[in-house]
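1. from the sequence below, what's the structure:
(one chain, ligands or ions: 1)
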Amino acid sequence: MGEQELATTVQAMMQAGKGLLAMDESNSTCNQRFAKLGIPQTEEARRAWRELILTTPGLGEFISGAILYDETIRQAKSDGTSFVKLMTEAGIIPGIKVDAGAKDMAGHPGEKITEGLDGLRERLSEYRQMGARFAKWRGVIIIGEGIPSHGCLEANAHVLARYAALCQETGLVPIVEPEVLMDGDHTLEQCARVTEAALHTVFCQLYRQRVLFEGMILKPNMVLPGLTCPQQAAVDEVADATVRCLLRAVPAAVPGIAFLSGSQSGELASARLNAMNVRFKSRLPWALAFSFARAIQQPALEIWQGEEANVVAA
Ligand code: 13P
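-> Numbering: from 1, shown residues only. Here you go, the predicted structure:
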């Protein structure tokens, strides 16, 4: 019964031609993005922004699920309709970010470990009662001089697996997100090596923690050169390197992979994902989709600027 429910949710999240929308920025991340555009950093502005997104006409034709944040899942449209109800009526499955953010890792200068396991079982149960059907936890891996360390890869993989096991116990599909950041001047090959190591470590821990691969979704980075690497890569090179890495490290039992966008523009992130599906779809054991935040939201946010008059254009 539990396994069947997880499989049904995964299927609904990975519908062909659709993807996931990450709108789960913490208040501080959302405020930072607002601040850059001079938008007030208030609860009401964050609510209005999320209302704009969720009332976009036809959103459910392209988005199968959206990831909310603790503040957002409790919010409502200005007419009082809860966001969860709005989404459910539009055929968009509500999800929830449940990690408590990436913090400096003790003994590991320059590296991060994600917190949030304490009290997680109770929080997951509350979110489920509020209508969430899946969850997200993000681990952050940084490429730099001598990093990532084994200690960092293993600690992040371990907490991702503990989180995923708790999600499945509660009937929520875990999105497992080990993100290798784009910051830095590393090459595409370095990113490929680190991403592959991170994924092997994650799947080893998922196995140890008895996570059902069929009842989860992986949210990885694409394999890319660092933002300041002088040698940038063509769309097909990114598609090839990413698929090669995933084929080596992601079990075929995993039903779906939904990419984060990181610091890519919407156009590039979409072109690269499209190239992967065009070139490899018939040969891949898992569905490939998107779970973008910035690549989807940023262009609309820049049009909105916090102004009611810009809502329709945005
Ligand atoms: P980006 O698409 O902006 O990388 O965000 C995805 C996400 O949910 C990060 O946790």
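2. what's the neighbour count on the residue in the stretch 51-200 of the chain that the ligand sits nearest to?
-> Going by CB to the nearest ligand atom, the ligand is nearest to residue 138 of the stretch 51-200 of the chain, at 4.1 Å. Bear in mind the C-beta positions are built from the backbone N, C-alpha and C, glycine included. Residues contacting residue 138 under the criterion other CB atoms under 10 Å number 21.
3. swap in the one 3 residues further on?
-> Here the count is done by other CB under 10 Å, and residue 141 has 23 residues near it.
4. show me what it is bridged to.
-> On the basis of DSSP bridges, residue 141 is bridged to residue 180.
5. these two touch, right, it and residue 194?
-> Yes - using CB atoms under 8 Å, residue 141 makes contact with residue 194 at a distance of 6.5 Å.
6. re the thing from before, the residue of the stretch 51-200 of the chain closest to the ligand touches residue 177, doesn't it?
-> Yes - if you go by CB under 8 Å, residue 138 and residue 177 touch, sitting 4.3 Å apart.
7. any residues in contact with both of these two?
-> Residues touching both residue 138 and residue 177 by CB atoms under 8 Å, 6 or more residues apart in numbering: residue 219.
8. give me the element the residue of the stretch 51-200 of the chain closest to the ligand is part of.
-> Here residue 138, judged by DSSP states H and E, is contained in strand 134-141.
9. need the contact list for the nearest residue to residue 74 once chain neighbours are set aside.
-> Nearest residue to residue 74, sequence neighbours excluded (CB to CB, 6 or more residues apart in numbering): residue 130, at 7.7 Å. Taking CB under 8 Å, 6+ apart, we find residue 130 in contact with 73, 74, 84.
10. and the ligand, which of the residues you listed reach it?
-> Near the ligand, judged by CB under 6 Å from any ligand atom, there are no entries from the contacts of residue 130.
11. most neighbours of all these, which one?
-> residue 73 (23 neighbours).
12. wouldn't that residue be in contact with residue 87 here?
-> No - with contact defined as CB under 8 Å, residue 73 does not reach residue 87; the gap is 9.9 Å.
13. what do the two both touch?
-> With CB under 8 Å, 6+ apart as the test, residue 73 and residue 87 both reach residue 94.
14. number of nearby residues for residue 46?
-> 21.
15. what do you get for residue 24?
-> Residue 24, neighbours per other CB under 10 Å, totals 24.
16. how about the contacts made by it?
-> 67, 68, 69, 72, 95, 96, 97, 136, 293.
17. one more: residue 291?
-> Residue 291 makes contacts with 19, 20, 21, 22, 67, 175, 217, 219, 258, 259, 260, as judged by CB under 8 Å, 6+ apart.
18. name the element the closest residue to the second one other than its chain neighbours belongs to?
-> Right, the one you point to is residue 20. Excluding its sequence neighbours, the residue lying closest to residue 20 (CB to CB, 6+ apart) is residue 291, at 3.9 Å. Using DSSP H and E, residue 291 sits within strand 287-292.
19. pull the distance from whichever helix or strand comes after that strand to the chain's centre.
-> Reading on from strand 287-292 to the C-terminus, the next helix or strand found by DSSP H and E is helix 294-304. In this view, helix 294-304 has its centroid 17 Å away from the chain centroid, taken as CA atoms, centre = their mean, to the nearest Å.
20. show me what counts as buried in helix 294-304.
-> 294, 295, 296, 297, 298, 300, 301, 304 (16 or more other CB atoms under 10 Å).
21. got it, and stretch 55-66?
-> 56, 59, 60, 63, 64, 65, 66.
22. show me what contacts the fifth one?
-> Going back to what we said before, that points to residue 64. 12, 13, 14, 15, 18, 19, 20, 91, 92, 93.
23. list the contacts for residue 294?
-> Per CB under 8 Å, 6+ apart, neighbours of residue 294: 261, 262, 263, 264.
24. filter those by proximity to the ligand?
-> 261, 262.
25. max pairwise distance over the contacts of residue 294: which two?
-> 261 and 263 (7.9 Å; CB to CB).
26. could you check the pLDDT of residue 1?
-> Looking at residue 1, its pLDDT reads 56.
27. again, but for residue 277
-> pLDDT, residue 277: 98.
28. can you give me the distance of the nearest residue to it once chain neighbours are set aside to the ligand?
-> Spatial nearest neighbour of residue 277, chain neighbours left out: residue 288 (5.7 Å); criterion: CB to CB, 6+ apart. Counting by CB to the nearest ligand atom, to the nearest Å, the gap from residue 288 to the ligand is 15 Å.
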